[in-house]
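Chemist: give me a model of this one.
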Amino acid sequence: MSQYEIADVDRSAVNSSQVIELELVGADREVLDIGCATGYLGSALAEQGCTVTGVEYDAEAAERAREVMSEVVVADLERSDLTELFPGRTFDVVVLGDVLEHLMHPEQVLASAVRLLAPGGSVVVSVPNVAHGSLRLALLQGRWDYRETGLLDRTHVRFFTRQGVADLLRAAGLRPVDVRAVVLDPLEVEVDVDADALPWAVVDWVRKQPDAYTYQFVLRAVPGEDDGTPFPEPVPAVPLPERDDAHTERGRIEAALHAPTVGRGDIVDEVIELRHRVLTLRDHAVGAEASVGAARNSVARAQAAERHARAELERQLAEIKSTASWRVGTKIVSPLARVKRVVRGS
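Modeler: Numbering: from 1, shown residues only. Take a look at the predicted model:
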């Protein structure tokens, strides 16, 4: 059984890529579902009056998909050109739901899908967002743990941010016209995050960053040249949740602590300048202390040299006094010394 099998698409689960894809495809269309797995999306599209053809790598999954789809071709997208798989055929919509991240060259597959579009046709794509808040937090803790499914599915070979998706579409000659987002809290997905071990208020900060709640991008794009129009802001499938937990409370406290400096760049600059001056004075003090220490060492070495010289002089003098010459000289000089004292006294 395919690890990506879904029994049925739950249309009430509006915050899911499959339900969004059904809406973006519409009704009564000729559809090519690339990476159709066991046909769960194709079956739901058929309920909307669509005629669905599929492409699937897994032969067993493809066999099951044939039960609910008009045709399923088994093919390796890395080795096959879609136009060769379906010569002379076109489709109103080509769907690539959570497929492109599994391909080494997704831009080539996407470009070949464009060539299969009928006039006025479009491509519907869903890809996971590698900038989701859970992965940002996990990376702060040095974690990048692959799993069987999810954002870090072990078979993912390409990873996309919002800008990455925009670049991919542009490379394939596509222009996004409707961009949605499956949104999930960074602490409520399969990625392992030890939130309480993170620095103060980090979770609250990450939650507030662009695309931190975006788990998947789901979009419809049409052929068109890049006209410089910015990538559309993704529309959340459901309203973003209002959080009020320990992490939001930490964020409020952090904001209150920083409130006095908001909009006061002069105060921040002054603090930075004062800190710089303190560090400079500290460095000077350390340098002066080192100089004093060096001078003390020089004095100590000089005193030691003086003591050594005196000891050497005393040793040499003692050796001289112990010689016969010194003793004879002393006997000769001593009377003369006495005469000098007598003469000086008179």
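Chemist: how many residues are close by Glu71?
Modeler: Per other C-beta atoms under 10 Å, the neighbour tally for Glu71 reads 13. C-beta: built from backbone N, CA, C; applies to glycine.
Chemist: whoops, I mixed them up, Leu135
Modeler: Residues contacting Leu135 under the criterion other C-beta under 10 Å number 23.
Chemist: that one contacts Val191, correct?
Modeler: Yes. Applying C-beta atoms under 8 Å, one finds Leu135 in contact with Val191, separated by 6.1 Å.
Chemist: which residues are in contact with both of the two?
Modeler: Shared contacts of Leu135 and Val191 (C-beta atoms under 8 Å, 6 or more residues apart in numbering): 151-152.
Chemist: for the longest helix along the chain, what is the distance to the chain centroid?
Modeler: Counting residues, the longest helix in the chain under DSSP state H turns out to be helix 265-321. For helix 265-321, the gap between its own C-alpha mean and the chain's C-alpha mean amounts to 48 Å (C-alpha atoms, centre = their mean, to the nearest Å).
Chemist: and it, what's its mean pLDDT?
Modeler: For helix 265-321, mean pLDDT rounds to 80.
Chemist: SS state for Trp73?
Modeler: No Trp there; residue 73 is Val. strand (DSSP: H, G, I helix; E, B strand; the rest coil).
Chemist: how close does it sit to Ala62?
Modeler: Per C-beta to C-beta, to the nearest Å, Val73 is found 8 Å from Ala62.
Chemist: which residues do these two both contact?
Modeler: With C-beta under 8 Å, 6+ apart, Val73 and Ala62 have common neighbours 54, 56.
Chemist: of the two, who's got more company?
Modeler: Each of Val73 and Ala62 has its neighbours counted (other C-beta under 10 Å); Ala62 has more, 22 against 16.
Chemist: secondary structure element for the more buried one?
Modeler: Here Ala62, judged by DSSP states H and E, is contained in helix 59-65.
Chemist: tell me what that helix is packed against?
Modeler: Helix 59-65 makes packing contacts with strand 51-56, strand 71-74 when contacts are defined by 3 or more C-beta pairs under 8 Å, 6 or more residues apart in numbering; DSSP states H and E.
Chemist: now the last one, how far from the chain's geometric center?
Modeler: Just to be clear, that refers to strand 71-74. With C-alpha atoms, centre = their mean, you get 39 Å for strand 71-74.
Chemist: again with the first one
Modeler: Centroid separation for strand 51-56 versus its chain: 37 Å, with C-alpha atoms, centre = their mean.
Chemist: what residues sit buried inside that strand?
Modeler: For strand 51-56, burial by neighbour count (16 or more other C-beta atoms under 10 Å) applies to 51-56.
Chemist: now the residues you listed in JSON lines, with pLDDT and distance to Leu24?
Modeler: Shown next, in JSON lines, are the buried residues of strand 51-56 (pLDDT from 0 to 100; distance: C-beta to C-beta, whole Å):
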{"residue": "Thr51", "pLDDT": "98", "distance to Leu24": "17"}
{"residue": "Val52", "pLDDT": "98", "distance to Leu24": "14"}
{"residue": "Thr53", "pLDDT": "98", "distance to Leu24": "18"}
{"residue": "Gly54", "pLDDT": "98", "distance to Leu24": "18"}
{"residue": "Val55", "pLDDT": "98", "distance to Leu24": "19"}
{"residue": "Glu56", "pLDDT": "97", "distance to Leu24": "21"}
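Chemist: would you format the residues you listed as CSV with distance to Lys321 included?
Modeler: Formatted as CSV, those follow (distance: C-beta to C-beta, whole Å):
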residue, distance to Lys321
Thr51, 127
Val52, 122
Thr53, 122
Gly54, 118
Val55, 114
Glu56, 114
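Chemist: relative to Arg115, which of those residues is nearest.
Modeler: Arg115 has its nearest neighbour among the buried residues of strand 51-56 in Val55, at 14.4 Å by C-beta to C-beta.
Chemist: residues contacting the closest one?
Modeler: When contacts are counted by C-beta under 8 Å, 6+ apart, Val55 touches 32-36, 72-75, 77, 82, 85.
Chemist: next: Ile34.
Modeler: 54-55, 77, 82, 94-96, 99, 109, 113.
Chemist: out of these, which are inside strands?
Modeler: Among those, the members found in strands (DSSP state E) are 54-55, 94-96.
Chemist: now these in TSV, with distance to Glu148?
Modeler: Putting these into TSV (distance: C-beta to C-beta, whole Å) gives the following:
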residue	distance to Glu148
Gly54	23
Val55	23
Val94	27
Val95	23
Leu96	21
